[in-house]
Each structure stands twice: as structure tokens, then as C-alpha cells.
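Undergrad: kindly generate the corresponding structure for this input.
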Amino acid sequence: MRIRATVAAVTGALALSALAVPAAQAVDTTPGKADSFKAAQAAHQAASGKTAFTGEDAADTGTPYALDATFSGVKINNGKPIVVGTTGKVTVPVTFTVTHAADVDLNADDTELDVVIYRGSYDAPANFLLGDDWPACTSASATVSNCKGTVDIYPTEELSNADATTFKALGYIIDWNDVDPMADDVDWSKVGYTEGDALATTRLQRLSKLTVNASPEPVTKGKTITVTGKLTRANWDTNTYTGYAGVYAQLQFRKKGATTYTTVKSVKTTSTGGLSTTVKASADGYYRYSFVGTTTSPAVKAAGDFVDVR
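TA: Got it, this is the predicted structure:
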């Protein structure tokens, strides 16, 4: 299990207890990428003349100087929605380009660069998601670098059902210039910083599952076939799959020997995601349910259930 952490004992630029951090990322005491993101928030607030230490006596001083670098071409998951189940890890590819001054070294040991996704406001995100590792950048020229990274999502630890929505991508670069980010009194005037907000958007969706059963099998031609099924989707609040109520699935039929399905009728799910309808037996073939998807859950098709008509 990966644990992303904020540092409860850290002061200076990383002691941002006033900033929202997902509970799943508040366990370990080892500075990491989540702390870098918090430092970026601190730099953002310092650059805007605000304090990141509400209710605290902060010793940090100065304003970061503008780092000559910009983000472009940010693509999250190749432009597709991010579909997440209830367990495991979903690794989402992230690609982007950084155009920078020739004296900006993106690979320097004291430079931190990342693209993360978040929902809510940057200053107080409702949730933010980042990768296990830092992006890797290769130089296309002295002033252009192409970068690849990931956002790694652990639904059990990081997601709730409210996260099935649009996330924004934010890129940041911090050049610490040998300033200690763990110090009690960071002098921001020695730190270079740049950010790009809303560089792209992506949508998180709750994985859908769909079943079907057509009976009786075999059946006499002209008799009634009952086709049941169930539509469920990932519930990130309970880490289970629960019924998707009040949406429509299409009952489809493919005659034996044919290659395509045709829609027979639309069926609305029950309060528990159940599906049930009847048809008259006409020919051997396969019945299935098909769900076209919604903004919060992707499309899914059940495997066809064969009925022998005699």
C-alpha cells in the first residue's frame, strides 16, 4: 500500500496545516510529493501576498521570483475519462511540454516539477491526486522539454463518491536554489516558482458492471422469455459495488449466425440496480443488456446469454 503523507512535524514552507489534504495522504512522516504540492501551494500564496499559515506565527519571508517556464500540451489519460473500480491501483499517463529559459534546469536536484489533478480550489482542494514518481523530462532543445509522468490512484485510500466529477490539471515548478524547504524560516525571495492552473481537465468515473440472464433455456418458439440482469458500479464510500438505480439499459438481441446486436427495448433499473423484462421467443440467439453510461459511470455491455428456441 502506498502512503502519501503530509508532515505533521514539519515547519517552514511545508507546515501548511491550514490547507486541505485528503485523509489518505496524512499518515506517514516522510516528506514526499504530497509535501511538494503543499510547498507549491505555499509558494502560490506567497507570490500572491497571502500567508499560508492562518492562525500561526510564520517566520517565512519574501516573495518567490517568477521562474521563466511555462506548461503546454498537457494531456491526462490520453484525453479519456479515468475509470476506477474499488481496489488496486489505476495508473494514469500524463504528458506535457515545458518551455523554459536556457538556464532553467528541470532535472536539477533542487528543482521540483509535477503535474497533479485536483477538484475544488487550488488554495483548498477538496481532493488532489498525484503520481508515485516524479515526471521524467527529456530535452527537445535548450529551451523545450517533453515530459511524461503518471497520476496513480488508490481508490480505497483516496476516493469518495463525490470524486466522480471533473478534475483540473495543475503544473508547478519550484527551484529551491539550495534553500532548505524544511527550514523554519524560508526566504521565498531566493526561490523560483511558476505554475499553470487548469492546464487540462479530466473526469473520474465509477467503474460499471452489468449482468444478464435469459430464461427458460431451451424455450418453445412463441413462449415468453424473461431477461433479468443487474447494473452495479463502484461505490468509493464503501469500497463495494452497489446497484445503479433509476437509469436505463437497452435489451439487445443477436440472432444466431449474425454479427451485430439490435436493440429490442429500454429497461429502467430498480432501486437496487435490477433489470427485468420479457420478450417472445422467435429464434435462436443471444440476449444482453447494454448501458450507454453517464457522466459519473462509463458504458458497459453484458456478455450475451444464448437461448435455444425450439
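Undergrad: buried set for stretch 175-191?
TA: Across stretch 175-191, burial judged by 16 or more other CB atoms under 10 Å covers 175-176, 179, 181-182, 186, 188, 191. The C-beta positions use only the backbone N, C-alpha and C, and glycine is treated the same way.
Undergrad: for the protein, what are the low-confidence residue spans?
TA: Applying pLDDT under 70 to the chain picks out residues 1-31, 49-59.
Undergrad: if we go to 80?
TA: 1-32, 47-60 (pLDDT under 80).
Undergrad: biggest helix in it by residues?
TA: In the chain, with assignment by DSSP state H, the single longest helix is helix 33-47.
Undergrad: any idea how far that one is from the middle of the chain?
TA: 21 Å (CA atoms, centre = their mean, to the nearest Å).
Undergrad: what number of residues lie near residue 246?
TA: Here the count is done by other CB atoms under 10 Å, and residue 246 has 10 residues near it.
Undergrad: OK, contacts around the residue lying closest to it once chain neighbours are set aside?
TA: Nearest-residue entry for residue 246: residue 269, 6.4 Å, with adjacent residues in sequence omitted and distances by CB to CB, 6 or more residues apart in numbering. Listed by CB atoms under 8 Å, 6 or more residues apart in numbering, the contact set of residue 269 reads 231, 243-249, 275.
Undergrad: buried only: go through those for me.
TA: Buried subset of the contacts of residue 269 (neighbour count, 16+ other CB under 10 Å): 231, 243-244, 247, 249, 275.
Undergrad: which residue ranges of the stretch 101-250 of the chain form strands?
TA: 111-120, 125-129, 136-139, 144-153, 166-175, 192-196, 201-206, 208-215, 224-235, 240-243, 248-255 (DSSP state E, counting those that start in this stretch).
Undergrad: kindly reformat those as TSV containing distance to residue 70.
TA: Converted to TSV, the strands of the stretch 101-250 of the chain look like this (distance: least, CB to CB, whole Å):
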stretch	distance to residue 70
strand 111-120	12
strand 125-129	21
strand 136-139	14
strand 144-153	10
strand 166-175	9
strand 192-196	7
strand 201-206	18
strand 208-215	38
strand 224-235	37
strand 240-243	43
strand 248-255	45
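Undergrad: between those strands, which one is closest to residue 295.
TA: Nearest to residue 295, of all the strands of the stretch 101-250 of the chain, is strand 201-206, at 6.9 Å by CB to CB.
Undergrad: just checking, what packs against that closest one?
TA: strand 82-84, strand 166-175, strand 224-235 (3 or more CB pairs under 8 Å, 6 or more residues apart in numbering; DSSP states H and E).
Undergrad: for it, which residues meet the burial criterion?
TA: 202-206.
Undergrad: now swap in stretch 248-268 and tell me
TA: If you call a residue buried by 16+ other CB under 10 Å, then stretch 248-268 has these buried ones: 249-254, 261, 267.
Undergrad: bridging residues for the residue nearest in space to the middle of the chain?
TA: Centroid check for the chain by CA atoms, centre = their mean gives residue 204 as the closest residue, at 4.9 Å. Applying DSSP bridges to residue 204 gives these bridge partners: residue 82.
Undergrad: my guess is it meets residue 162, correct?
TA: No: Residue 204 lies out of contact with residue 162 (CB atoms under 8 Å); the separation is 10.0 Å.
Undergrad: hang on, residue 218 packs against residue 284?
TA: No: Residue 218 sits out of contact with residue 284 when judged by CB under 8 Å, with a separation of 9.0 Å.
Undergrad: the two - which one has more neighbours?
TA: Shown here are residue 218 and residue 284; by other CB under 10 Å, residue 284 has more neighbours (16 against 12).
Undergrad: and the gap between the closest residue to the more buried one other than its chain neighbours and residue 309?
TA: Nearest residue to residue 284 in three dimensions, chain neighbours excluded: residue 256, at 4.1 Å (CB to CB, 6+ apart). Residue 256 sits 9 Å away from residue 309, going by CB to CB, to the nearest Å.
Undergrad: got any residues that touch both of these two?
TA: 283-285.
Undergrad: looking at the residues you listed, which is nearest residue 32?
TA: Set against residue 32, the nearest of the shared contacts of residue 256 and residue 309 by CB to CB is residue 285 (55.1 Å).
Undergrad: quick one, phi/psi of residue 78?
TA: phi 60, psi 30 (degrees, to the nearest 10).
Undergrad: need the contact list for it.
TA: Going by CB under 8 Å, 6+ apart, residue 78 touches residue 93.
Undergrad: partner strands of the helix or strand that contains residue 71 and their direction?
TA: In this assignment (DSSP states H and E), residue 71 forms part of strand 69-76. Using DSSP bridges, strand 69-76 pairs in its sheet with strand 90-100 (antiparallel).
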